[in-house]
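**Q** take this sequence and fold it.
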Amino acid sequence: MAEVVHILLNGKPVIAAINNRALGGGLEIPLFCDYRVALNEGYYQMPEILINVFPGTGCITQMVRTIGPLLTKKILMWGEKLTPEQALNFGLIDELVNTMDELMAVAMEKAKFLSSRNQAVINGIRLCANHVWEKIYDEAYKMENYCSNWFEIGK
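**A** Numbering: from 1, shown residues only. The predicted structure follows:
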């Protein structure tokens, strides 16, 4: 899982198209994606606590980054099922659609948009957004300047 997370955080942009339910790892992996579109059916759950298993592999860290510590504790400590609307309101997903055709259309639309942009800019934005928040300001600023230089080279 660590290798997958590394690729998701440092590789090309990733769009998650979630069909119906997302449980455990099926909810963890989309947390590392850049955009999450889902069908407006099914449910979302981190059931590990119900079988007394620790939800590791970066799940807690990324969930806290994505939705904050209070919601992370609520989801992980109680193991309750969330509706699609709750998942959207909590920030676990970005967009809800009603059909599988819509799901794939939205995912492809987002992918086409990103692929039509300057890839040096996209990669710089992803790198900074995924990593600068964990650094002190001076280090984060240096990283952002480094990524900005990618754009200048990529022109």
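**Q** hey, let's count contacts and neighbours off CA atoms from now on
**A** OK.
**Q** now do the SS call for the closest residue to Trp78 other than its chain neighbours.
**A** Leaving aside its sequence neighbours, Trp78 sits nearest to Ile49 (Cα to Cα, 6 or more residues apart in numbering; 7.0 Å). Classification of Ile49 using DSSP: H, G, I helix; E, B strand; the rest coil returns helix.
**Q** what's the answer for Thr57, then?
**A** Per three-state DSSP, Thr57 ends up coil.
**Q** going forward, begin numbering at 20 instead of 1
**A** Right, with 20 as the first residue, what we last looked at is Thr76.
**Q** tally up the residues packed near it, please.
**A** 13 (other Cα atoms under 10 Å).
**Q** so how far is Phe51 from it?
**A** 12 Å (Cα to Cα, to the nearest Å).
**Q** contacts for the longest helix along the chain next, please.
**A** Secondary structure assigned by DSSP state H gives helix 156-173 as the longest helix of the chain. When contacts are defined by Cα atoms under 8 Å, 6 or more residues apart in numbering, helix 156-173 is touched by residues Asn137, Ala139, Val140, Gly143, Ile144, Leu146, Cys147, Val151, Trp152.
**Q** give the closest residue to Asn152 in space, chain neighbours not counted.
**A** Let me fix one detail, which is that residue 152 is Trp and not Asn. Closest to Trp152 by Cα to Cα, 6+ apart is Ala159, at 7.1 Å.
**Q** no wait, Leu42
**A** That would be Gln64: by Cα to Cα, 6+ apart, it lies 4.8 Å from Leu42.
**Q** likewise Phe73?
**A** Using Cα to Cα, 6+ apart, the closest residue to Phe73 is Glu67 (6.4 Å).
**Q** cool, and Ala35?
**A** Nearest to Ala35 is Arg55, by Cα to Cα, 6+ apart, at 4.7 Å.
**Q** circling back: tally up the residues packed near the residue nearest to Leu42, please.
**A** Gln64: 22 neighbours (other Cα under 10 Å).
**Q** got the contact list for it?
**A** Counted by Cα under 8 Å, 6+ apart, Gln64 has contacts Ala41, Leu42, Gly43, Leu46, Ile94, Gly98, Glu99, Lys100, Leu101.
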